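In: Let's see this in three dimensions:
(chains A and B)
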Amino acid sequence: MVRVKRYAGVIGAVVGLTFVVGVVGAVAVEKPTTSQATCVTAECHADYSKQTYVHGPVSLGDCKSCHTEADPNAHTYSLTRQGNDLCEYCHLDQTTKQHIHEPLKTGDCTQCHDPHSGENRALLLEPTTAKLCQKCHETGMDVKFPHGPVAVGECSICHASHSADRENLLLDEPTSLCFSCHVITKEELGKFEFVHEPARNDCVGCHNPHGANNWKMVKSDAPELCYACHADIQDMAENSAHKHTAVTEKDGCLQCHTPHASTVQFSLKAAPMSLCVSCHDEPVTAENDEVIPSFTAQIEDKAFLHGPVAQKDCEGCHSTHGSAHFRLLIKDYPRLFYAPFSVDNYALCFNCHPDSLVLTERTAELTDFRNGDRNLHYVHVNKEDRGRTCRSCHATHASDLPKHIRQSVPYGAWDLPIQFRKTETGGGCQPGCHLPLAYDRQTPVAYETQ
Amino acid sequence: MSVLQYRRCVGHAVLILGLAVTGSLSGQEGRGRTRLGATMPAFSLPAVDGKSFVYGADYDGVLGVVLLKAGQDHFTRIADDLETVVKELKAAGKKFDCVGVMSGPGAKESLQTLDPDGHASFPVLLDPNFALWGKLGVIAAPTAVVVGADHKVRWTKAGYGYDFIPSFRAQLAQALGIQAGSTGGSVPVETLGNASSRARFQRHAQMARSLAARGRFEMAIAEFKKAQTLDPNAVDIVFELGELLCRAGENEAALNVTGQAQARTDREKGRALLISGWARRQMGELDKAQSLLTESLKLDPKSPRALYELGQVFQAKGDVDEAVAHYRRALALVFQDGQTAAPAPGSP
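Out: Next up is the predicted model:
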């Protein structure tokens, strides 16, 4: 029995060995030991010719273009030329430009290309250029908002694969490259008067050309992005005594400004007042807990508007980004009802109205608020001690009375009505400040001395 | 009546009389009003160099006046902007004057910051006594006034707001007959937005073309379809998509797409026939393809692709001579070379 088992084992081994030899022998091809006309045959290197894209010499069976027989007996070959020379012998124009892709410099064409054949166009080793580029480069594909060419994995839309005249192997000047797809943007930029300069010639100043986690591929959110160039605005926004929180919150700048171009000065998105009332149509609590009343409520249905309000130009009096003065005023203005007169105190009003309005005792040119040529602005305002500030008579924004005279003035706990009336040649008030008085430019009123 | 009361009465009478006299004189001069349609008051004001600018009944032409005040904020910027506006309008061949009027005490000193040579088109006059300011009833500076050739005030605007310069430019242009219509005193607000359908359409179309050029047909087709969704009426995109579908071998899809195109011109109809012929050729329907491509060439005889495709049809049918003749014509069109142009098929 032991003898049978031993013989069975030997027989099994022989059968197995025969099987192995037979099977292996069926696929193994003996290497030729002499020179061959072609290397791509049904038995050898057949796969090279079966793929979709075949390198020219391979399709012609001209392996000797690149491979030189070293030892026919051993079927060994060496490359016909070394380094760049191998491929550049045929592919002449890949390194003619100033900036050369690194693999090309070192002659590593096969880092990207299969030298024989492949399923991808240009014999690329990967189906998209991005998959190939990712092996060495950060392509930006892993961000929330990838740029279109990155999203489709086609880096070659912007970058030359081999060499280029521009840095980063760009195919064209950066902005020209952007406008090659963003055709409408380029077209429209020419039509707008107020263009944000980077939009004209430096898209990558704000946008990451590969993509970003921020919407519209911006490098960072406003206002930080904007502060990179507008340091003066940052200083005003962050360091002013009176801050405008709409500026410093996230995307603050974009609440008012469009980043590319506008028909409105300073690239505003709308007329200034339209922008302001997007918040100031309701009471707003300022940073010091002061409640700013609704602007819209102040001017709604009012017949007489202060000039800047009529022009929808809040910036005529207010500094949008921040101010040293209360209520974000652009210049000094007294908070109080009474104030000693000085030109500096009224810098805000004298921004538009000549200071002569208050400095000139007698005039026929400067104002209609005069009794004959006696300037009543001078009488009311130009006092060393208890001059009336402009707001004591004029509503800042709007009023139902001509010259936007106030209906009443707050005086301590009282609300004193002004009861201004206008005539063809003058007018009069019956305020709580003094007895009813009238004035007339043509027939001056005589005032009783007291 | 006591002596004191008498004196008071006399005093008041004198005061009243005095005020009446001075008041009547000053009140009758005094401020005017800048009413639209009113006649522009005459004035004569000197410039810094002493030469006077005179506006009166015999002034001929349109006038722009910008009243400023001594110590005007942003004066240099205002002057620069107005200089640009005036130069632009004068470059259009129009003859007119545009002057600034610096008003109030200190007017002359205020002008010292201005380079007169750099503002030759916008001279600034001196009005230290507010004479013109008063005549026009101006309240604030700057105030711009445009006066027509008929000496009537056409437009006025106060305050250096966001639309001061654009409005002034537009109103002057209208007064000069360069620009029609009315801005109503303000500029229409528009911003550049690249999220419009038109912008997005262009971007997808460009992406499609870039991808197609790189052999990424599947993705290119997807991009063309996105573009088509954004503008279903863009016929050219339909044809580009149809051609790409043919290149990708998606013949049925190419026929479907082209069948939906609203071809209007001969060129568009020719293109639609070309795509149909191309697809039919690839589907092996050679006779049908030949008929379609021949029709296409009648409508668009300079289509290299149609000639090439017809060559392909002849080649598939075994008619080498016709095939070569069509290929040569296609090449001649591509290279614009008269020497390679073959004789027409059938000729010796």
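
In: Need phi/psi at residue B:152.
Out: Here is the backbone geometry of residue B:152 (degrees, to the nearest 10): phi -100, psi 140.

In: Spit out the contact partners of it.
Out: B:37-40 (CB atoms under 8 Å, 6 or more residues apart in numbering or on different chains). Yep, even glycine has a C-beta here, placed from its N, CA and C like the rest.

In: switch the cut-off to 6 Å
Out: Residue B:152 sits next to residue B:37 when contact means CB atoms under 6 Å, 6 or more residues apart in numbering or on different chains.

In: ok, now residue A:186?
Out: Residue A:186 makes contact with residue A:179, according to CB under 6 Å, 6+ apart.

In: Identify each of the helices in the stretch 1-150 of chain B and give its residue range.
Out: B:3-28, B:75-91, B:107-110, B:131-136 (DSSP state H, counting those that start in this stretch).

In: now the stretch 201-348 of chain B
Out: B:217-230, B:235-247, B:251-259, B:266-282, B:286-299, B:304-317, B:320-335.

In: Would you convert these into TSV that also reports mean neighbour count, mean pLDDT and distance to chain A?
Out: Listed next are these as TSV, based on neighbours: other CB atoms under 10 Å in any protein chain shown; pLDDT from 0 to 100; distance: least, CB to the nearest CB, whole Å:
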stretch	mean neighbour count	mean pLDDT	distance to chain A
helix B:217-230	19	95	5
helix B:235-247	22	96	13
helix B:251-259	18	94	19
helix B:266-282	23	96	18
helix B:286-299	19	97	26
helix B:304-317	22	97	21
helix B:320-335	17	95	20
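
In: gap between residue B:44 and residue A:424?
Out: As judged by CB to CB, to the nearest Å, residue B:44 and residue A:424 stand 30 Å apart.

In: For the residue most central in space within chain A, what are phi and psi?
Out: Chain A has residue A:206 as the residue nearest its centroid, 4.9 Å off, counting by CA atoms, centre = their mean. Reported as degrees, to the nearest 10, the phi and psi values for residue A:206 are phi -110, psi -30.

In: How about the contacts made by the residue in the stretch 101-250 of chain B positioned nearest to chain A?
Out: Nearest residue of the stretch 101-250 of chain B to chain A: residue B:134, at 2.6 Å (CB to the nearest CB). Contact partners of residue B:134, counting by CB under 6 Å, 6+ apart, are A:365, B:31.

In: Could you rerun that using 7 Å?
Out: The contact partners of residue B:134, taken as CB atoms under 7 Å, 6 or more residues apart in numbering or on different chains, are A:364-366, B:30-31.

In: cool, residue A:430 as well?
Out: Residue A:430 is in contact with A:419, A:436, counting by CB under 7 Å, 6+ apart.

In: One more: residue A:295?
Out: A:276-277, A:280-281, A:397.

In: Which one of residue B:44 and residue A:424 is surrounded by more residues?
Out: Using other CB atoms under 10 Å in any protein chain shown as the criterion, residue B:44 and residue A:424 rank with residue B:44 on top: 12 against 8.

In: mind checking how far the closest residue to that one other than its chain neighbours is from chain A?
Out: Once flanking residues are discounted, residue B:44 sits nearest to residue B:54: 4.5 Å by CB to CB, 6 or more residues apart in numbering or on different chains. Remark: distance between residue B:54 and chain A (CB to the nearest CB, to the nearest Å) = 20 Å.

In: if I look at residue B:54, how far off is residue B:42?
Out: 8 Å.

In: the more surrounded of these two?
Out: Using other CB under 10 Å, the more surrounded residue of residue B:54 and residue B:42 is residue B:42, with 14 against 10.

In: Can you tell me the closest non-neighbouring residue to that one?
Out: For residue B:42, ignoring the flanking residues on the chain, the nearest one in space by CB to CB, 6+ apart is residue B:56 at 4.3 Å.

In: again with residue A:38
Out: Nearest to residue A:38 is residue A:61, by CB to CB, 6+ apart, at 3.6 Å.

In: For my notes, confirm the one you found occurs in a strand.
Out: No: assessed with DSSP: H, G, I helix; E, B strand; the rest coil, residue A:61 is coil; it does not lie in a strand.

In: What ranges does the stretch 351-450 of chain A have for its helices?
Out: Using DSSP H, counting those that start in this stretch, helices in the stretch 351-450 of chain A cover A:356-359, A:376-381.

In: out of these, deepest packed?
Out: helix A:356-359 (a mean of 23; mean count of other CB atoms under 10 Å in any protein chain shown).

In: list the helices and strands that one packs on?
Out: In terms of contacts (3 or more CB pairs under 7 Å, 6 or more residues apart in numbering or on different chains; DSSP states H and E), helix A:356-359 is packed against helix A:376-381.

In: Show me how far the helix it packs on is from its chain's centre.
Out: 51 Å (CA atoms, centre = their mean, to the nearest Å).

In: That one near chain B anywhere?
Out: No: shown here: helix A:376-381 not in contact with chain B (CB under 7 Å from any CB of the partner chain), separated by at least 11.6 Å.

In: looking at it, the residue nearest to residue A:38 is touching residue A:41, isn't it?
Out: No: contact criterion CB atoms under 7 Å: residue A:61 and residue A:41 do not qualify, at 8.8 Å.

In: Of the contacts of residue A:295, which pair is most distant in space?
Out: A:281 and A:397 (13.1 Å; CB to CB).

In: Looking at those two, which has the bigger crowd around it?
Out: Each of residue A:281 and residue A:397 has its neighbours counted (other CB under 10 Å); residue A:397 has more, 17 against 13.

In: Export the contacts of residue A:295 to JSON lines and append columns for distance to residue B:199, pLDDT and secondary structure.
Out: Formatted as JSON lines, the contacts of residue A:295 follow (distance: CB to CB, whole Å; pLDDT from 0 to 100; DSSP: H, G, I helix; E, B strand; the rest coil):
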{"residue": "A:276", "distance to residue B:199": "29", "pLDDT": "95", "secondary structure": "helix"}
{"residue": "A:277", "distance to residue B:199": "29", "pLDDT": "95", "secondary structure": "helix"}
{"residue": "A:280", "distance to residue B:199": "32", "pLDDT": "95", "secondary structure": "helix"}
{"residue": "A:281", "distance to residue B:199": "31", "pLDDT": "95", "secondary structure": "coil"}
{"residue": "A:397", "distance to residue B:199": "39", "pLDDT": "94", "secondary structure": "coil"}
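
In: picking up where we left off before, what number of residues lie near the residue nearest to residue A:38?
Out: Counted with other CB under 10 Å, residues neighbouring residue A:61 total 15.

In: From chain B, how far off is it?
Out: Noted for residue A:61: a distance of 25 Å to chain B, by CB to the nearest CB.
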